[in-house]
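Asks: Predicted structure and sequence below. I'll ask about it afterward.
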Amino acid sequence: MYLASVRKKPTGTQPATSNQNQHIHRNIFALGFTSLFTDISSEMIVAITPLYLTSALGFSYLSYGLFEGAYQGANASLRLWGGALSDRHQNHKRIAATGYGISAFTRVGLFLTSFLTWLPITLFLLADRVGKGLRVAPRDALISLSVSKDRLATAFGAHRAMDTFGALLGPIVAYLLLEVTPGAYESVFAMSVATAFIGLSFIIFLAQQPVIKTKIQAKKNLLASLKQTLADSNTRLVCLAVAAVSFMTISDSFLYLIIFQESSMDKVFFPLLFSGTAVTYLVLAVPIGSLADKFSKTAVFLAGNLFLLAAYILLLTTSISTTIGLATLGLLGVYYAATDGVVPAIISSLTPEDSRGVAIASSTLAISLGKLIAAPLFGLLWQQFGLPLALSLFSGGLFITLVFAYFSLSKIQVAHA
């Protein structure tokens, strides 16, 4: 019995071919730049959304929590479908590009809302999450199919680093645009449209679909693919572990609202909180990915969630000064560097090539469903009982679910190579 991520000697494993090495460089480059520009586009919007909805539109904490839950639900709704389609047709690039295309066109809708006020902005925000839900699993499957198993976490770390660089730049661009033209949200939306279509061009023109070496089984519908994937005990254990932990994960937007409100920050600086997390994530994504490949992916995942727990405790036990706010953003960045790319790496190391899309989608769906419940729950607790109790309950709950995750992941069995 072994943890899924314990590194083993590559006995009987064929070295990567020159063709595969070409895919490594081409696909990580292409998908990395796709995610970089797409994240500049999306994070420009995401960085202003919490404050815009709660301050400008008057959303309560509960209302915002319900929106955040729907936001996660829209993201989750198509993840399995996207993964199943990419496995069924063995064309992960095409499905991923479709998802990026949907998100790009929603930016046009967001731009129009700045002139046609009768258009509901929340509708386009949710539609963008549908596009993300469709693209994530086939994109991650495409990454995993481009590298050998002993380089999975490193490859995902490299991709996430480029993705996070976009997440770092997006809020800064939004801040600068609003600083130059205060209140001119249409300028943010216009820039978001341009960068989204630049990102889309990279996956369309530069990414390649690797040849699947595993013998393809008979094509299955979504339900059959999901049933087959979850029949594997290892996949079930990973999905249960990540779902449990996500159920006690406070959304980033709520954490940023806490820092903003408790520190009396000027609202013009609010978008920069998103960049603060991205800086740490960007610096650590590749080193932590390499560490996970070398030692233990599951141990890195669990340690990352302990950093998240430390962020909750820090917000709970001290008044929020600038130093405490920066420390919280740093801890959140470490959490993402140790979990965001590591979870698909764990799943990819356990599943065959021809069902990788559904397997990755199953784990990301489990995470999204946990967060879907967590967001309105935390909003309700904050609104009805106050911030200290809400933070205390989620801190205790996260610790308990981490214990559950540890025992679940320790039961994963990996056959000898």
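Replies: Yes, it's here.
Asks: now stretch 199-217: mean pLDDT?
Replies: Across stretch 199-217, pLDDT averages out at 81.
Asks: tell me which residues of that stretch are tucked away?
Replies: Of all the residues in stretch 199-217, those buried under the rule 16 or more other CB atoms under 10 Å are 199-200, 202-203, 207, 209-210, 212. Every C-beta, even on glycine, is put in place using the N, C-alpha and C of the backbone.
Asks: what's the offset of stretch 233-240 from the middle of its chain?
Replies: Taking the mean of its C-alpha atoms, stretch 233-240 sits 19 Å from the chain's own mean (CA atoms, centre = their mean, to the nearest Å).
Asks: try stretch 78-86
Replies: On CA atoms, centre = their mean, the centre of stretch 78-86 falls 16 Å from the chain's centre.
Asks: ditto for stretch 80-88
Replies: Put simply, stretch 80-88 sits 18 Å off its chain's centre (CA atoms, centre = their mean).
Asks: and what of stretch 353-361?
Replies: Averaging C-alpha positions (CA atoms, centre = their mean) puts stretch 353-361 17 Å from its chain's average.
Asks: Contacts for it, please.
Replies: The contact list for stretch 353-361 (CB atoms under 8 Å, 6 or more residues apart in numbering) reads 79-80, 82-87, 90, 92, 95, 136-138, 140-141, 144-145, 212-217, 222, 225-226, 228-229, 235, 344, 347-348, 350-351.
Asks: Drop anything exposed from those.
Replies: For these, a burial check counting by 16+ other CB under 10 Å picks out 79-80, 82-87, 90, 92, 95, 136-138, 140-141, 144-145, 212, 222, 225-226, 229, 235, 344, 347-348, 350-351.
Asks: So which of the residues you listed belong to helices?
Replies: 79-80, 82-87, 92, 95, 136-138, 140-141, 144, 222, 225-226, 229, 235, 344, 347-348, 350 (DSSP state H).
Asks: Can you report how many residues lie near the residue nearest to residue 309 when sequence neighbours are not counted?
Replies: The shortest distance from residue 309 to any non-neighbouring residue, by CB to CB, 6 or more residues apart in numbering, is to residue 398 (5.2 Å). Neighbourhood size, residue 398 [other CB atoms under 10 Å]: 23.
Asks: Summarise which helices and strands whichever strand or helix holds residue 398 is packed against.
Replies: Element membership for residue 398 (DSSP states H and E) is helix 387-409. Contacting helix 387-409 under the criterion 3 or more CB pairs under 8 Å, 6 or more residues apart in numbering; DSSP states H and E are the following elements: helix 233-247, helix 252-262, helix 297-317, helix 356-385.
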